[in-house]
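S.K.: predicted model and sequence follow; I will ask about them next.
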Amino acid sequence: MFKKLIDGQLPLKDTFWKFGVLGLLAINLVTKIFGIMLARRLGGYSVLGYYTSNLHNFAIETATVVLTVLYLGSLSFLVFYSISMIFGVWRSSAEYNRSLWLRYISRILIIVLSIVTLRASF
């Protein structure tokens, strides 16, 4: 299924709306939740600042490490998924023959949506 999505073999409406818009928003929501939970555990520090200041004391809690891994993992997946959706929508829109306008609007909107979700997560 994912290979078909990336290769543009699915219809444009499914690729753009279901996987592009809803998928990016869902992954962004999960990333935001992990980020908020991690920020509460860090107590005002950045991730790097927390680990550099507490590493020599061995005062790092297991829950903080787990939340850090979950947050960085979901952030990495969001970047991968955004790039994949850009390629998927681009290729799917190339096969779309009904409207030239919708072909280019979908390409522009998926790029803008990817940039907005990535900026909101960092």
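M.R.: Yep, that arrived. Numbering: from 1, shown residues only.

S.K.: any idea how far residue 29 is from residue 120?
M.R.: Applying CB to CB, to the nearest Å, the value for residue 120 to residue 29 is 10 Å. Glycine gets a C-beta too; all of them are placed from N, C-alpha and C.

S.K.: and what of residue 45?
M.R.: 24 Å.

S.K.: now swap in residue 19 and tell me
M.R.: Residue 19 is 15 Å from residue 29, by CB to CB.

S.K.: which positions in whichever helix or strand residue 77 is part of come out as buried?
M.R.: Following DSSP states H and E, the helix or strand that holds residue 77 is helix 62-94. Buried positions in helix 62-94, judged by neighbour count with 16 or more other CB atoms under 10 Å: 64, 67-68, 70-71, 74-75, 78-79, 81-82, 84-86, 88-93.

S.K.: can you pull out the low-pLDDT segments for the protein?
M.R.: 54-59 (pLDDT under 70).

S.K.: helices of that one, start to end?
M.R.: Secondary structure of the chain (DSSP state H): helices located at 2-7, 12-13, 23-42, 47-54, 62-94, 100-121.

S.K.: which of residue 19 and residue 29 has more neighbours?
M.R.: Neighbour tally, residue 19 and residue 29, criterion other CB atoms under 10 Å: the higher count belongs to residue 19, 22 against 12.

S.K.: wait, isn't the more buried one in contact with residue 88?
M.R.: Yes. Between residue 19 and residue 88 there is a contact under CB atoms under 8 Å: 6.7 Å.

S.K.: which residues do those two both contact?
M.R.: Common neighbours of residue 19 and residue 88 (criterion: CB atoms under 8 Å, 6 or more residues apart in numbering): 5, 10.

S.K.: any idea how many residues pack against residue 11?
M.R.: 13.

S.K.: over to residue 108?
M.R.: Number of residues near residue 108 (other CB under 10 Å) recorded here: 9.

S.K.: so who does residue 88 touch?
M.R.: 5-8, 10, 15, 19-20.
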